[in-house]
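# Okay, predicted coordinates and the sequence, questions at the end:
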Amino acid sequence: MKLHRLGPIITHDMLHDLGMRYAAVPFATQINGTHYRIFFSSRDQYNQSYGSYLDYDIQELKIIIPPPKKPLIIHGSIGYFDDSGVTISCYLKELNALYYMGWNLMRKVPFSNQIGKLELNPKEDSVHRTRKTPVLGKCELEPLSFGYPWVLKTKDKYKMWYDTILKWESNSTSNYKFILRSALSNDGVNWHKTYKQNFPLHHQEKSIARPCIIFEDNIYKMWCSVNYLGKYRLCYAESIDGDNWQRMDNSIIWKGKKQNWESTEQSYPFLIQNNMSQFLLYNGNDYGKSGFGICRVEV
């Protein structure tokens with residue numbers, strides 16, 4: 001599996017010119033032909049994440065419509081589960097829904113995240129909250145923090161994959177371990193946690209972040225990013241049942257020279273399937289501070 005670098009889509013300098021600070025966790029939905037709307041999350045002057053988007057032509061490799069000045073969605077009201085930021089993570093076409101990670105900033109640990117749902121109105125380029133509480137919240141077996149949801153329509157249900165923290169070691173973003181978990185739903189709103197997932201983390205890997213999963217040829221295929229020694233790198237895995245994953249990282253072969261924007265990290269991947277072609281959106285250094293780019297996937 002070869003990943004041919006095609007370059008950045010939005011860079012740190014472009015973000016600066018737009019008055020934006022980050023462009024993290026990109027994902028896309030097709031407008032028509034080779035035109036796609038790419039959603040991503042930026043941050044305001046208070047470091048609170050908010051949703052935005054741009055329109056892009058994957059054939060011409062150019063932005064058609066730049067990000068609007070007005071955010072697509074901002075943080076929630078004070079005291080709510082998303083009052084410190086909103087990081088949108090995936091789009092579910094069947095329900096016209098965006099799933100996101102809501103942020104609360106804490107005193108003794110850096111953050112506490114839960115998962116929310118937004119309803120998208122494509123005609124008006126707007127979204128609104130469908131409820132004031134998380135669709136996937138804390139419970140006895142998961143009392144801490146979780147996020148980066150990915151939702152997929154299966155035969156008769158919806159399935160969500162997300163990462164969760166089981167233990168904080170100290171008040172530091174470097175002292176936790178994210179593992180992968182899943183949940184099931186009949187309607188995309190009311191979720192039942194399975195507490196399943198067997199995704200192996202290797203030595204000195206501390207977390208998995210933002211899975212992107214498709215079901216193809218009776219196999220679940222997942223792109224994700226894994227934190228190794230404090231830096232993210234892309235990972236690929238496959239599963240027969242969507243719960244037990246076999247990592248196939250060695251199948252990833254990068255083609256083309258690294259540029260400065262991705263010199264130390266590649267993270268938060270999203271797969272675009274356009275007819276017979278496949279592309280991968282991904283972030284570079286510092287969780288989206290350097291922007292995101294695109295590569296062509298050759299299987």
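Right, received. Where do you want to start? Nothing here was measured: the structure is a model prediction, and the numbers come from that model.
# can you give me the strands in the stretch 51-200 of the chain?
62-65, 86-92, 97-105, 111-121, 126-129, 145-153, 158-168, 176-185, 191-193 (DSSP state E, counting those that start in this stretch).
# Out of those, flag the one nearest residue 202.
Proximity to residue 202 (CB to CB) singles out strand 176-185 among the strands of the stretch 51-200 of the chain, at 12.5 Å. Backbone N, C-alpha and C define where each C-beta goes, glycine included.
# residues making contact with that closest one?
Strand 176-185 has contacts (CB atoms under 8 Å, 6 or more residues apart in numbering) with 136, 142, 146, 157-169, 191-197, 199, 201, 206-209, 211, 227, 242-243, 245.
# Just the buried ones from those residues?
Neighbour counting over those (16 or more other CB atoms under 10 Å) leaves 136, 142, 146, 158-165, 168, 191, 193, 197, 199, 201, 207-209, 211, 227, 242-243, 245 as the buried ones.
# so what's residue 186 closest to, chain neighbours aside?
Spatial nearest neighbour of residue 186, excluding adjacent residues (CB to CB, 6 or more residues apart in numbering): residue 157 at 6.1 Å.
# Spit out the contact partners of that neighbour.
Contacts of residue 157 by CB under 8 Å, 6+ apart are 184, 185, 186.
# thinking again about what came up before, save the strands of the stretch 51-200 of the chain as CSV, and put in distance to residue 10 and mean pLDDT too.
Below are the strands of the stretch 51-200 of the chain laid out as CSV (distance: least, CB to CB, whole Å; pLDDT from 0 to 100):
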stretch, distance to residue 10, mean pLDDT
strand 62-65, 7, 98
strand 86-92, 16, 98
strand 97-105, 19, 97
strand 111-121, 21, 96
strand 126-129, 20, 94
strand 145-153, 20, 96
strand 158-168, 25, 93
strand 176-185, 26, 92
strand 191-193, 32, 97
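# Rebuild those strands as a markdown table, extending it with distance to residue 279.
Listed next are the strands of the stretch 51-200 of the chain as a markdown table, based on distance: least, CB to CB, whole Å:
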| stretch | distance to residue 279 |
| --- | --- |
| strand 62-65 | 14 |
| strand 86-92 | 16 |
| strand 97-105 | 21 |
| strand 111-121 | 22 |
| strand 126-129 | 25 |
| strand 145-153 | 18 |
| strand 158-168 | 21 |
| strand 176-185 | 24 |
| strand 191-193 | 30 |
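# out of those, nearest to residue 217?
strand 145-153 (15.1 Å).
# What residues of that closest one count as buried?
145, 146, 147, 148, 149, 150, 151, 152.
# for stretch 264-275, same thing?
For stretch 264-275, a neighbour-count test (16+ other CB under 10 Å) marks 265, 266, 267, 268, 269, 270, 271, 272 as buried.
# Now intersect these with the helices, please.
Per DSSP state H, helices hold no members of the buried residues of stretch 264-275.
# for the residues you listed, which one is nearest residue 53?
Using CB to CB, those come closest to residue 53 at residue 270, 13.1 Å.
# The closest one pairs with what?
residue 281 (DSSP bridges).
# coming back round to it: list phi and psi for the residue nearest to residue 186.
Dihedral angles of residue 157 (phi, psi; degrees, to the nearest 10) stand at phi -140, psi 180.
# so residue 71 touches residue 52, yeah?
Yes - assessed by CB atoms under 8 Å, residue 71 is found in contact with residue 52 at 5.8 Å.
# Between these two, point out the one with more neighbours.
With neighbours defined as other CB atoms under 10 Å, residue 71 and residue 52 compare such that residue 52 has more, 23 against 18.
# Now that one. Nearest residue, chain neighbours left out?
Leaving aside its chain neighbours, residue 52 sits nearest to residue 67 (4.8 Å; criterion: CB to CB, 6+ apart).
# I'd assumed residue 50 was in contact with the one you found.
No - contact between residue 67 and residue 50 fails when scored by CB under 8 Å: they sit 11.0 Å apart.
# higher neighbour count, these two?
residue 67 (22 against 19).
# Sweet, I'm off.
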